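Asker: fold the following, please.
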Amino acid sequence: MDQLALLFVLLLGALLSVPLGDRLGLPAPVLMTLLGIVLALLPFVPNVQVPPGLILPTLLPPLLYAAVKRTSWRQFAANRRPIFLLAVALVFVTTAAVAFVASAIVPGLPIAAAVALGALVAPPDPVAATAVAGQLGLPRRLVSTLEGEGLFNDVTAIVLYHVAIAAAVSGSFSWQGAALSLLLSAVVALAVGLAIGWAANKLIGVLGDSTLQIGLTLLMPYASYVLAEELHGSGVLAVLVTALFLAEYAFDADDVLTRLTGRAFWDIVDTLVTGVAFGLIGLELHNALRTAAGRWGELLGWAAAVVAVVILVRLLWLLPATWLTRRMHARRHDLDEDIPVSWREAVIMWWAGMRGVASVALALAIPFTMEDGSPFPDREEIIFIAFGVIMATLVLQGLSLPWLVRKLNVRADTEAEQEYEKQLAIRAAKAAKHRLKEIEEVEELPDDLSDQMIRRAYDIGLRINPEMGSEERKEAHAKRVSRIKRVRRIQNEMLSAARHEVLAARNEPGADPEIVDRVLRHLDVRSLR
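Answerer: Residues are numbered from 1 along each chain as shown. Predicted coordinates:
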């Protein structure tokens, strides 16, 4: 099996892991990691040769962009306190704790190399967290907090990692220089992210065609990441800023086709890239087995100690941090802030701290040599320990998290979500009715047409949430819906016959496939509407 065939297996596995995960009640990223481990153990599967410097730039931008599209700037602004405590402060604390333990148990490991190890295992993976949380029916406030933590902790961890690696390679370190580097990295990333977002927003208006617009959204995350990294900024933060900017300002509310097509496109990209990323994590077992040859006891002991530190530090930090956040939340009456409301939710947040793509990429990106040409100290040992942390948190925690959620009975507040959906349905119906009144002020509508439009204004809300109307209205709406469904069924059968006829024309002598496809697209759009 060559590496191209292996890539195809991972892509196919990414698709199959979604329905299989739904059936087994397990997260798809965890299943893909297990698939990678199985492939790594097969003798005919080659060792993956991916340049470490290409892993983050290739996989992370689309994954981050897809994750940000599921949230908004308001959520980040409202959750700034819990995000800061988890994505910044906890990363620093975890890095320091891991560095202290690793330098104590690994003979001869320099402090700078130990800090690099701490930085690369400190950030929970945003993709794993959102993928797992989204499938378990957790409260939205927990999902929002996990998303915010996962998206911003990579920024802190990667900057810490680069500072530690530079100190290890050069043999010198300056706290002032590190703080300045962190500040400049954030400023450059913000500037690049806003600039790329603004430029993309303008280009979207120029392109017009939905296919070209969606293609542009695929390029923008890479452009933000690469440009920010070239200017010594944080590529991760730049992608986040660009994605948030485009989510707020790009695309017309009436551009239905682009929105539907774009969502389907990014769902596909997210599924495939996530599958490949976590499959590669499992395949790294090749390198771990080679490193541990003849030293299993020693290396497993070191990895277990670091795993214990990572898991315990998160728990010991989360409990008081959650309590403090709740106190501040109650004092300021910040209703928009999403925080855990019980110790059960805090425990779920603790156990959802899985490591993943970023940790693997940073571990593999550790340089082979120092500035003087000597080997980087304990590089293979650091990679093995990092792999142990990733496997323990991703596989063990990922597989047991659904059980823990059921055991603690942590579920989404469906009543609150339904009430919010109902309020949005009412607002949508009122907006439609208000617009109808504005039209009637400038246009004279027949009475029967006006009555029909008023009913349709109410129908807009009732179709979103059937519980918003009175019993009489709901009954009348149900009758109209039944009639509409019958009409649509007949129309769909008629359009289906038309599509079959047009497709059959493709095989006729003298048929022009381009014209046939143009007519077929017209029928497809008509069916969509």
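Asker: what's the spacing between H500 and L15?
Answerer: Distance from H500 to L15, counting by C-beta to C-beta, to the nearest Å: 28 Å. Using the backbone N, CA and C atoms, a C-beta is placed for each residue, glycine as well.
Asker: looking only at neighbour counts, state which of those two leads.
Answerer: L15 (14 against 10; other C-beta atoms under 10 Å).
Asker: what's the nearest residue to that one if we skip its chain neighbours?
Answerer: T271 (6.8 Å; C-beta to C-beta, 6 or more residues apart in numbering).
Asker: distance of that neighbour from L16?
Answerer: On the measure of C-beta to C-beta, T271 and L16 end up 11 Å apart.
Asker: neighbour count for those two, which is higher?
Answerer: More crowded of T271 and L16, by other C-beta under 10 Å: T271, with 18 against 15.
Asker: now do the strands in the chain.
Answerer: Using DSSP state E, no strands are found in the chain.
Asker: gap between the spatially most central residue of it and P221?
Answerer: Nearest to the mean C-alpha position of the chain, counting by C-alpha atoms, centre = their mean, stands A67 at 2.8 Å. For A67, the distance to P221 equals 11 Å [C-beta to C-beta].
Asker: next one: I55
Answerer: 15 Å.
Asker: so which of those two has more stuff around it?
Answerer: P221 (26 against 20).
Asker: quick check, the more buried one in contact with P61.
Answerer: Yes: P221 sits in contact with P61 when judged by C-beta atoms under 8 Å, with a separation of 3.6 Å.
Asker: mind listing the shared neighbours of the two?
Answerer: V239 (C-beta atoms under 8 Å, 6 or more residues apart in numbering).
Asker: ok, which stretches of the stretch 51-200 of the chain are helices?
Answerer: In the stretch 51-200 of the chain, the helices defined using DSSP state H, counting those that start in this stretch lie at 52-68, 73-78, 80-83, 90-105, 111-121, 126-135, 140-170, 175-207.
Asker: worst mean pLDDT among these?
Answerer: Ranked on mean pLDDT, the bottom entry among the helices of the stretch 51-200 of the chain is helix 126-135, at a mean of 65.
Asker: check the burial of P367 by counting its neighbours.
Answerer: For P367, using other C-beta under 10 Å, the count is 13.
Asker: hmm, it is touching I165, no?
Answerer: Yes: at 6.9 Å, P367 counts as touching I165 under the criterion of C-beta under 8 Å.
Asker: pull the helix or strand with minimum mean pLDDT from the chain.
Answerer: helix 126-135 (a mean of 65; mean pLDDT, DSSP states H and E).
Asker: distance of the residue nearest to L15 from A293?
Answerer: T271 is 36 Å from A293, by C-beta to C-beta.
Asker: what about P43, how many residues close to it?
Answerer: Neighbours around P43, by other C-beta under 10 Å: 4.
Asker: what about it, distance to L35?
Answerer: Distance from P43 to L35, by C-beta to C-beta: 17 Å.
Asker: likewise R518?
Answerer: 42 Å.
Asker: more neighbours: which of the two?
Answerer: L35 (22 against 11).
Asker: number of nearby residues for the closest residue to the more buried one other than its chain neighbours?
Answerer: If the residues on either side of it in the chain are set aside, L35 comes closest to G13, at 4.9 Å by C-beta to C-beta, 6+ apart. G13 is flanked by 22 other residues according to other C-beta under 10 Å.
Asker: can you pull the contacts of G13?
Answerer: M32, L35, G275, G279.
Asker: any of the residues you listed buried? List them.
Answerer: With burial judged by 16 or more other C-beta atoms under 10 Å, the buried subset of the contacts of G13 is M32, L35, G275, G279.
Asker: pick out the most distant pair among those.
Answerer: Farthest pair in the buried ones among the contacts of G13 (C-beta to C-beta) is L35 and G275. Separation: 8.6 Å.
Asker: which neighbours do the two have in common?
Answerer: L10, G13, S17.
Asker: any chance of those residues in TSV with pLDDT and distance to I105 as columns?
Answerer: Output for those, formatted as TSV (pLDDT from 0 to 100; distance: C-beta to C-beta, whole Å):
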residue	pLDDT	distance to I105
L10	89	35
G13	90	36
S17	88	36
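Asker: need those in CSV with distance to G262, can you?
Answerer: Output for those, formatted as CSV (distance: C-beta to C-beta, whole Å):
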residue, distance to G262
L10, 25
G13, 25
S17, 24
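Asker: which residues of the stretch 301-450 of the chain fall in helices?
Answerer: Under DSSP H, counting those that start in this stretch, the stretch 301-450 of the chain gives helices at 343-351, 357-364, 379-391, 398-408, 414-442, 447-464.
Asker: okay, those helices in CSV with mean pLDDT and distance to V101 next?
Answerer: Output for those, formatted as CSV (pLDDT from 0 to 100; distance: least, C-beta to C-beta, whole Å):
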stretch, mean pLDDT, distance to V101
helix 343-351, 84, 19
helix 357-364, 80, 17
helix 379-391, 88, 10
helix 398-408, 83, 24
helix 414-442, 77, 42
helix 447-464, 75, 53
